[in-house]
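Engineer: Provide a 3D model corresponding to the input given below.
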Amino acid sequence: MTEKFKILAKYIKDLSSETPDIETFIFVRDNISKYQLNIDITSKALKNKLIEINTTLKFEDKEANEKKSYFEIVYATIIKVDDTIKEKKDLEKIILCDVQTKIYPDLENSFLNLIHNSGHPSIKLEKKIDFNKLYKERFN
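Structural biologist: Residues are numbered from 1 along each chain as shown. Below is the predicted model:
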């Protein structure tokens, strides 16, 4: 293993799109530019140096509107960590940075398909997420 980890599996664990009615759909269609993308990463150790990483993307309206749609994907990645990895900081970088950089193109594509298939075909996620930068900001 030349890398510090190996991805054994990756899959969509949960996928959700909620738009309660047509009035909400029309309101959201006209206001979806205000929606923001949030990302959350959690992990849990399994046995034999295996780790399950759940990356959650939410695309939601932060304003207090009655009418809103909700889009969320939870993407699970199972990795095996190399035996040479002992330091917590190295492990954090793998989970928060290296794995995310590898899986993000697939995750973003799946999430955009959800949003497009929910009736919002023009939505693009403009900002590419720089996981290295986020990781460094977290520890500074």
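Engineer: which positions in the longest strand seen in the chain come out as buried?
Structural biologist: Longest strand in the chain by number of residues (criterion: DSSP state E): strand 5-18. Buried residues in strand 5-18, counting neighbours by 16 or more other Cβ atoms under 10 Å, are found at 5, 10, 17. C-betas here are computed from N, CA, C, even on glycine.
Engineer: now do stretch 76-91
Structural biologist: 77, 79, 81, 90-91.
Engineer: repeat that for stretch 126-133.
Structural biologist: Applying 16+ other Cβ under 10 Å to stretch 126-133 flags 129, 131 as buried.
Engineer: got the contact list for that stretch?
Structural biologist: Applying Cβ atoms under 8 Å, 6 or more residues apart in numbering, the contact partners of stretch 126-133 are 37, 39, 96-97, 100-101, 104.
Engineer: and those residues, which two are the farthest apart?
Structural biologist: Leu37 and Cys97 (18.0 Å; Cβ to Cβ).
Engineer: neighbour count winner among these two?
Structural biologist: Remark: of Leu37 and Cys97, Cys97 carries more neighbours, 19 against 15, as counted by other Cβ atoms under 10 Å.
Engineer: surely the more buried one meets Tyr135?
Structural biologist: Yes. The pair Cys97 / Tyr135 is scored as a contact, 4.5 Å apart, by Cβ atoms under 8 Å.
Engineer: show me what the longest helix belonging to the chain is packed against.
Structural biologist: Secondary structure of the chain read by DSSP state H shows that its longest helix is helix 99-117. Helices and strands touching helix 99-117, by 3 or more Cβ pairs under 8 Å, 6 or more residues apart in numbering; DSSP states H and E, are strand 5-18, strand 50-60, strand 70-81, helix 131-138.
Engineer: tell me which of these lies nearest to Lys44.
Structural biologist: strand 50-60 (5.3 Å).
Engineer: and the closest one with helix 99-117, angle?
Structural biologist: 40 degrees (axes from the mean of the first three to the mean of the last three Cα atoms, to 10 degrees).
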